[in-house]
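Novice: Take this sequence and fold it.
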Amino acid sequence: MQTEQISRPPLTGAIAPKINIGCGWDKRPGYLNLDSDPACNPDVLVQDHDLYFLPRGYFEEVTAKDVLAHIPHAYMLG
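Specialist: Purely as a prediction, here's the structure:
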């Protein structure tokens, strides 16, 4: 059985291959911790639900604990 290599887009600086979206106070070591609340002191402060700056196909693991309750219903309907 052959293992397929995952190719990642080139990045400037070191970004963890794991991401914790909406981390709140649950900042995890080894993750890029994102939140929209500056009081939580996330690694990346997200504004206006804008995640388009994140590289596509880069992250190996995504954690988004208790996030769905914060997404406006209109966004989920598309």
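Novice: low-confidence ranges in the chain?
Specialist: Counting by pLDDT under 70, the chain has low-confidence residues at 1-14, 70, 73-78.
Novice: show me where it has strands.
Specialist: Under the criterion DSSP state E, the chain carries strands at the ranges 18-21, 32-35, 44-45, 61-63.
Novice: ok, the last one: who's next to it in the sheet?
Specialist: Put plainly, it is strand 61-63. strand 18-21 (parallel) (DSSP bridges).
Novice: what does the third one give?
Specialist: Partners of strand 44-45 in the sheet, by DSSP bridges, are strand 32-35 (parallel).
Novice: which of the residues in the partner strand are buried?
Specialist: Of the residues in strand 32-35, L32, N33, L34, D35 count as buried by neighbour count, 16 or more other CB atoms under 10 Å. C-beta coordinates here come from the backbone N, C-alpha and C atoms, glycine included.
Novice: Provide a list of residues in contact with the closest residue to T63 other than its chain neighbours.
Specialist: The shortest distance from T63 to any residue other than its chain neighbours is 4.7 Å, reached at N20 (CB to CB, 6 or more residues apart in numbering). For N20, the set of contacting residues under the criterion of CB atoms under 8 Å, 6 or more residues apart in numbering consists of D26, K27, R28, Y31, L32, N33, L34, T63, A64, K65.
Novice: Buried members of those residues into ChimeraX, please.
Specialist: Filtering the contacts of N20 down to the buried ones (16+ other CB under 10 Å) takes a single ChimeraX command:
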select :31,32,33,34,63
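Novice: tell me which of the contacts of N20 is nearest to Q47?
Specialist: Proximity of the contacts of N20 to Q47 was ranked by CB to CB; the top entry is L34 with 10.8 Å.
Novice: Please list all residues in contact with that closest one.
Specialist: Shown here is L34, whose contacts under the criterion CB under 8 Å, 6+ apart are I19, N20, I21, G22, C23, P42, D43, V44, L45, V46, L51.
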